[in-house]
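Student: Quick check, what structure comes out for this input:
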Amino acid sequence: MALSLGVHVGQQNMSMDDMRALWRKLDNNKVDWISAWDHFYEAPPKDGTEPHFEAIATLAALAAETKHARLGCLVFYVGYRNPALLAKAATTLDHISGGRFELGLGAGWHIWEATAYGYSFPDIGTRLDMLDEATQVIRRLLTEDRTTFSGKHYVVDNASCLPAPVQPRLPIWIGGLGEKKTLKIVAERADGWNAAYLPSDEFARLNTVLDQWCEEAKRDPKTVRRGVNLMFNLATGQSQMKAERERLATDWGKMAPRIEGGALLCTPDQAVERIMEYVNAGATDVNVALRAPWNEEALDAYLTDVMPRVRKAAG
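Tutor: Residues are numbered from 1 along each chain as shown. Take a look at the predicted model:
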């Protein structure tokens, strides 16, 4: 599989005009992927004190604003939308983008926003069961003329989803790190797996676990794409490293030590080696995660220097 280099853009603390300009810049620089996330509040959580746009409406604008990059959401929490509605949104976004949309699904984590907006947020086992059912419902709606499904959490009755997506098989990604259930669902249901903010050695270990689940499901492991998100804390020189480390610590608080293990907290020269650690660990897709504000000079260096060197190194 060809290496995909993308940018995961959190739609917070930016005006829509600024975000649209950023998308155009990324697309013009030929990033392979641009994504949003599915939150009502900011991430990391600050009790809804920062401006934040809704995901599906944001993705429609992203689809219309770009021409090259594939796009999606990493990931939609299945508890926020009926899966049949999400299938309908996915096919609509695929048509707006001319066949560039990919659907990410997950079991969610942001209990603070869910509670504030009146959504139930059951235990993780229940949410994973919801994810499993929702993935089945969505795949069938995107590929069948009529779908009937009766599960514990979701029901559809002789439902159609027209028009069909532009793509013959609209890719479905599942995000998460759970070894016993999440990766099993990936092996059985998904086209790709996305992991966020973890060290390359842990990514490699979980990659092996996913291979084992694929073998149990009698599926060729090579048919599953493997994606990783890395926090964008690139510094244009050693003198800026301290500032980037402090920014990460301020943003993430108690979660900072874990996030730092999966951050691009280095200089451009070091970034190529850092990204290749993940490629060598099995990543087919590497996305840097932008949270405003960021160092624009560092982003330019990533787009014009780091990405071409990584592509060359990856062959």
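Student: Every contact and neighbour count from this point should use C-alpha atoms.
Tutor: OK.
Student: Is the closest residue to residue 298 other than its chain neighbours part of a helix or strand, or is it coil?
Tutor: Once flanking residues are discounted, residue 298 sits nearest to residue 236: 5.4 Å by Cα to Cα, 6 or more residues apart in numbering. Using DSSP: H, G, I helix; E, B strand; the rest coil, the structure places residue 236 in coil.
Student: What distance do you get for residue 236 to residue 24?
Tutor: 23 Å (Cα to Cα, to the nearest Å).
Student: Equivalent analysis for residue 86, please.
Tutor: From residue 86 to residue 24 the distance is 26 Å (Cα to Cα).
Student: Residue 111 too?
Tutor: Residue 111 sits at a distance of 33 Å from residue 24 (criterion: Cα to Cα).
Student: which of these two has more neighbours?
Tutor: With neighbours defined as other Cα atoms under 10 Å, residue 111 and residue 24 compare such that residue 24 has more, 18 against 14.
Student: the helices in the stretch 151-300 of the chain, which residues?
Tutor: Assigned by DSSP state H, counting those that start in this stretch, the helices in the stretch 151-300 of the chain fall at 182-189, 200-216, 238-252, 256-260, 268-280, 296-301.
Student: which stretch among those comes nearest residue 31?
Tutor: helix 296-301 (12.1 Å; Cα to Cα).
Student: report the angle between the axes of the following helix or strand past that closest one and helix 268-280?
Tutor: Reading on from helix 296-301 to the C-terminus, the next helix or strand found by DSSP states H and E is helix 307-314. Counting by axes from the mean of the first three to the mean of the last three Cα atoms, to 10 degrees, helix 307-314 lies at 40 degrees to helix 268-280.
Student: Let's see helix 307-314 as CSV, backbone CA atoms only.
Tutor: Output of helix 307-314 as CSV, limited to C-alpha atoms (Å, rounded to 0.1, in the frame of the first residue of the first chain):
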residue,chain,number,x,y,z
MET,A,307,6.5,15.3,3.6
PRO,A,308,8.6,15.0,0.4
ARG,A,309,11.5,13.5,2.4
VAL,A,310,9.2,11.0,4.1
ARG,A,311,7.7,10.0,0.7
LYS,A,312,11.2,9.5,-0.7
ALA,A,313,12.3,7.5,2.3
ALA,A,314,9.2,5.3,2.2
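Student: Which secondary structure element of this protein has the lowest mean pLDDT?
Tutor: helix 238-252 (a mean of 91; mean pLDDT, DSSP states H and E).
Student: how about it: buried residues?
Tutor: By 16 or more other Cα atoms under 10 Å, the buried positions in helix 238-252 come out as 241, 244, 245, 247, 248, 249, 251, 252.
Student: Show me which of those residues is closest to residue 309.
Tutor: Nearest member of the buried residues of helix 238-252 to residue 309, counting by Cα to Cα, is residue 241, at 21.3 Å.
Student: Look up the closest residue to the closest one, ignoring the ones flanking it.
Tutor: Residue 241 sits nearest to residue 235 (Cα to Cα, 6+ apart), 5.6 Å away.
Student: that older thread, what's the most buried one of the helices of the stretch 151-300 of the chain?
Tutor: Sort the helices of the stretch 151-300 of the chain by mean neighbour count, taking mean count of other Cα atoms under 10 Å, and helix 182-189 sits at the top with a mean of 22.
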